[in-house]
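Enquirer: Predicted coordinates and the sequence they were generated for:
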Amino acid sequence: MKKISFILNGEKRNAYVEPNDLLVDVLREKLGMHSIKYACGRGDCGACTILLNGKGVRSCIILAIEVDGQEILTLEGLSENKLTSLQESFIDHSSFQCGFCAPGMIMSATELLNKNPNPTEEEVKEGLSGNLCRCTGYTPIIEAVLDVEKKDVDKK
Amino acid sequence: MIMEDFKYIGKSVPRIDAADKASGKIKYMSDLNFPGMLFGKILRAKYPHALIKKIDTSQAKALPGVVAVVTWEDVPGLNGFGIVTPDQPVLCKDKVRYIGDAVAAIAAETKELAEKALTLIDVEYEPLPVVDDPIKAIQSDSPKVHDDGNIHLHTKVVRGDVRKAFEEADLVIEHIYCTGEQEHAFLEIETGIARIEEDDILTIYAGSQYPQRDQMQLSRCLALNPCKIRVVSYPVGGAFGGKDELTIQPILGLLVLKTKRPVKMVMTREESVISYWKRHPMIMKYKTGVKKDGTLVANKVIIYADTGAYASLGGPVVNLAIEHACGPYKLSNVDIEGYCIYTNNGVSGAFRGFGVPETAFAIETQMDIIAEKLGINPIELRKKNALQKGDIAPVGNKLTTSVGTVAVLDGISKTKLWKEREKYLVKNTKKPWIKRGFGFALTYQGTGLGVGLPDYGGAILRFCENGGFEVGVGLVDYGQGIGTSYAQIAAEMMKCPIDKIKVVLGDTALTADSGPTSASRGLYLGGKATIIAAEKMMTVLKEKTSEMLKVSVDNLDAENGYICMKNQPEKKISYEEIAAQFMKETDHLPETEGYFLMPLADMKVENAFGLPHHIFAFSAHLALVEVNTLTGQTKVLKGAEVIDAGDVINRQGLEAQSEGGFVMGMGYGLFENMIIEKGIFKTTNFSTYIIPSAEDIPSDIETVTVTDPEETGPYRAKGVAETVMCATAPAITNAIYNAVGLRIFKLPATSELVYTLLEKKEEKCNESTN
């Protein structure tokens, strides 16, 4: 076991991990971050997407030991105080059916909007192309992301 | 009934679970952990077809940290499960029939130990010849997957005189159609956790589509009184039919009984793919006869369906394919037969559409060919033959419920895609190798389980102290949104705000048995049962109010959470006060139950499971495609669905089904196919089995509804969860024909297939010019 320390959702956390422990397992099982979903185990589907130093990564293909000293944001951290405009937009557009892809989808979309607050439809599709959804056909998800900017403008 | 009179019905009510899904707070069964839990693992077969000579678990048992190793010897009850025929062993004894067959299972202190222990189990096999071709499998000299042969079911429906009708036909079209093996690819893999809870109740938390049937099957396998088993199967991260049958539950239960500790089991994607259900690959021989004026006169169809190693729902799938083989068209001379065939190619079972997407591809291609050959407008051809209310359906039942065939066909012209198709079809002069085409297809889908099977909806309504209600329905919301629809129905019926309704689903301890969440039946049957339970509850509330106000029940009305006097609406008692009164008098709150039996067709098809059906939803699917003739790749640019759902309960929910169904149908049509060679899976994850991503979808999927109200339905609604995906593939392949003049007889129409066909076509062209 090796002790690692990192910032998880704004808080310093420690964990004792084996060198072969996957980040997805440590975050889900040891630290209770159950929003992160395991669905393919090889970085194909995006359900386990988290932000590592602000960048979207697949936690199922990262060893926990690699994140020592780094900063992680999960859906739990994103909506700690209140839902973001993006999450509200997901609700308004009914962007869920089974909802299992939603946490990864929202994290990828968050990264996309952080980098590019005003994406085109093509940019949204490209940005979310690594997150699979089997239920919705993606349309309400894409609409939700495209609608966020409008929502934020409306609020102002 | 005018929709505007309703507060919730017919409105785009947001999903009741949306906030929990947006925040990540919702807990799926795979998110549950219990203190002291062990990790379970399953040893799968080494060969797709082999005799088991010996199983030696001694080394695995001796590994420190291994708490239990179980084999067939440890199954206390029936070592078999299966919805129709329990022919699949929980753990194999003397034979394995597919590569995902379970041979042994381990419970250990850690996942790693469990995995290590699997490698220590020594199984001696004697490999047998692999049965991998369904047509060869039914020959008498084929090796047998099961002792009594490889034909699980043969059903034949004959009406009229096909031979004479073909003689009288002006045109006979004959083709063989093949469809691919589609994987459900739900994101939440089969995963669960189980433990012994209070009162010695074995409680299984695992995503499924019918907890009460799981309870029955588990009681059979585990030799346990069903009262001692509780199954919780909600929420579920996608199912689409793939969680209708048992998956990991019997082994999970067995390991808990053996160890007396909680056990968690998480499949990998690869294990899920090789072990569990798929859509049946089918080979369908079609011969269709038609008069010059477009009147269909005869249809002869033979369907060969590869059900893999075990029955599960293979029989009913083949039967539904037979019922829908002629499409929603009038045909009085039919000869349709179907074989459900055992092979060693994995296992096939229930999948959204349940045999209909397969036959829709065949019949809708036939119709497109006929329209072209006879020079008849393809919509007019379909309209000419369209089934209407009062007609006899191809398998012989009289249609007395709502039939939206013509309404749906008329609705095509209302779509933007239809109106603007000419504009989109302009030639690409800059890139002449890119060709565009438009196509459409029509389909329908029976609701419910059909004649001969128990088919009912059940709901419990519990009055709560806050004056709200809890609806308990055994069906499962695995994404469709039925929970939201039940909340809408309960709020509308009980005349209370929707936020006072709590919905509980899929739990044998808390909900009424409402049959399986399948067959597009959830909204219809769960909705009807909720209405009945609510009617009873309203009577109970009014009776109590009548006592409290000392007025007759007839003078009472309900409004916005109050029971009030009809003539003096200011004289009223809130539901909360009524609840308080119940508590004061009896110290408990009333609950009511509603049960509803599915109306049935007027006849029965023999040698079949659940044929025919009585209520159908209808849809037309439209596609605009672009085919790259240099690569063979097809891109769907725009899509549309015209749907007859009866009266719509939730517009947003319906659109969600339509869009999701279209994209799933697109995957089926263009690239999804599980490749299995000699019983071994070659495409076991999302790197090799490709499902549509955000970049593959059309820029627009339009949903147009046409209403043919179903008088027996809840608020005159019908379920559409399946019909929305059934005719997308043929709409696309008909569009490919329109674009490049290629008929597609095999799904999926991959780039490779289209490219190869285009090359052949060019060769033929060159040959004829030389």
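Expert: Received, thanks. Numbers count the residues shown, from 1 in each chain, chains lettered A, B, ... in the order given.
Enquirer: burial count for residue 138?
Expert: Reading this off chain A. 28 (other C-beta atoms under 10 Å in any protein chain shown). No exception for glycine: its C-beta is placed from N, CA and C like everyone else's.
Enquirer: oops, chain B please
Expert: Quick note: B:Ile138 (other C-beta under 10 Å) scores 17 neighbours.
Enquirer: what does the model give it for pLDDT?
Expert: pLDDT recorded at B:Ile138 is 97.
Enquirer: For the stretch 201-350 of chain B, which segments count as strands?
Expert: Counting by DSSP state E, counting those that start in this stretch, the stretch 201-350 of chain B has these strands, from start to end: B:201-206, B:229-232, B:263-266, B:282-290, B:296-308, B:334-342.
Enquirer: Ok, which of the ones you listed comes nearest chain A?
Expert: Closest to chain A of those is strand B:263-266 (C-beta to the nearest C-beta; 7.2 Å).
Enquirer: Briefly note if that closest one comes near chain A.
Expert: Yes: for a cut-off given as C-beta under 8 Å from any C-beta of the partner chain, strand B:263-266 has contacts with chain A, namely B:Val266.
Enquirer: looking just at contacts, which helices and strands does that strand meet?
Expert: For strand B:263-266, the elements it packs on are strand B:38-44, strand B:191-197, helix B:249-259, judged by 3 or more C-beta pairs under 8 Å, 6 or more residues apart in numbering or on different chains; DSSP states H and E.
Enquirer: Would you reformat the ones you listed as TSV and include distance to chain A?
Expert: Output for the helices and strands packed on strand B:263-266, formatted as TSV (distance: least, C-beta to the nearest C-beta, whole Å):
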stretch	distance to chain A
strand B:38-44	11
strand B:191-197	8
helix B:249-259	17
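Enquirer: ranking those by burial, who's on top?
Expert: helix B:249-259 (a mean of 25; mean count of other C-beta atoms under 10 Å in any protein chain shown).
Enquirer: any idea how far that one is from the chain center?
Expert: 28 Å (C-alpha atoms, centre = their mean, to the nearest Å).
Enquirer: Stretch B:553-565 now?
Expert: 41 Å.
Enquirer: Keeping just the C-alphas, turn that stretch into PDB.
Expert: Only the C-alpha atoms of stretch B:553-565 are listed here, as PDB (Å, rounded to 0.1, in the frame of the first residue of the first chain):
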ATOM      1  CA  VAL B 553     -70.400  11.500  -1.000                       C
ATOM      2  CA  ASP B 554     -72.300  12.500  -4.100                       C
ATOM      3  CA  ASN B 555     -71.900  16.100  -3.200                       C
ATOM      4  CA  LEU B 556     -68.200  15.900  -3.000                       C
ATOM      5  CA  ASP B 557     -65.500  16.800  -5.600                       C
ATOM      6  CA  ALA B 558     -61.800  16.800  -5.600                       C
ATOM      7  CA  GLU B 559     -59.600  19.800  -6.500                       C
ATOM      8  CA  ASN B 560     -56.000  20.600  -6.100                       C
ATOM      9  CA  GLY B 561     -55.300  18.500  -3.000                       C
ATOM     10  CA  TYR B 562     -58.700  19.100  -1.400                       C
ATOM     11  CA  ILE B 563     -62.000  17.300  -1.200                       C
ATOM     12  CA  CYS B 564     -64.700  20.000  -1.500                       C
ATOM     13  CA  MET B 565     -68.400  20.400  -1.700                       C
END
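Enquirer: Only the buried residues of it, if you could.
Expert: Burial within stretch B:553-565, assessed by neighbour count using 16 or more other C-beta atoms under 10 Å in any protein chain shown, is assigned to B:Asn555, B:Leu556, B:Ala558, B:Gly561, B:Tyr562, B:Ile563, B:Cys564, B:Met565.
Enquirer: Report the contact partners of the second one.
Expert: What it means is B:Leu556. B:Lys542, B:Thr545, B:Ser546, B:Leu549, B:Ile563, B:Cys564, B:Met565, B:Lys566 (C-beta atoms under 8 Å, 6 or more residues apart in numbering or on different chains).
Enquirer: Not counting its neighbours along the chain, what's nearest the second one?
Expert: The reference is to B:Thr545. B:Ile563 (4.0 Å; C-beta to C-beta, 6 or more residues apart in numbering or on different chains).
Enquirer: Bridge partners for that neighbour, pull those for me.
Expert: Assessed by DSSP bridges, B:Ile563 has beta-bridge partners B:Ala558, B:Ile573.
Enquirer: Contacts only, for it.
Expert: Counting by C-beta under 8 Å, 6+ apart, B:Ile563 has contacts B:Leu541, B:Lys542, B:Thr545, B:Leu556, B:Asp557, B:Lys572, B:Ile573, B:Tyr575, B:Ile578.
Enquirer: May I ask which helix or strand encompasses the third one?
Expert: Here B:Thr545, judged by DSSP states H and E, is contained in helix B:527-549.
Enquirer: okay, B:Pro1: pLDDT?
Expert: Quick fix: residue B:1 is Met, not Pro. Listed pLDDT for B:Met1 reads 45.
Enquirer: Actually, B:Gly315.
Expert: pLDDT recorded at B:Gly315 is 96.
Enquirer: who's in contact with it?
Expert: Counted by C-beta under 8 Å, 6+ apart, B:Gly315 has contacts B:Val84, B:Thr85, B:His152, B:Leu153, B:Thr307, B:Cys340, B:Phe609.
Enquirer: Show me what the helix holding B:Thr545 is packed against.
Expert: Secondary-structure packing of helix B:527-549 (3+ C-beta pairs under 8 Å, 6+ apart): strand B:456-463, strand B:469-473, helix B:482-494, strand B:556-559, strand B:562-565, strand B:572-574, helix B:575-586, strand B:591-597.
Enquirer: Quick one: mean pLDDT over the fifth one.
Expert: Model confidence over strand B:562-565, given as mean pLDDT, is 97.
Enquirer: ok so, going back, could the strands of the stretch 201-350 of chain B go into a markdown table alongside mean pLDDT and mean neighbour count?
Expert: Shown next, in a markdown table, are the strands of the stretch 201-350 of chain B (pLDDT from 0 to 100; neighbours: other C-beta atoms under 10 Å in any protein chain shown):
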| stretch | mean pLDDT | mean neighbour count |
| --- | --- | --- |
| strand B:201-206 | 98 | 23 |
| strand B:229-232 | 98 | 24 |
| strand B:263-266 | 97 | 25 |
| strand B:282-290 | 98 | 23 |
| strand B:296-308 | 98 | 25 |
| strand B:334-342 | 98 | 25 |
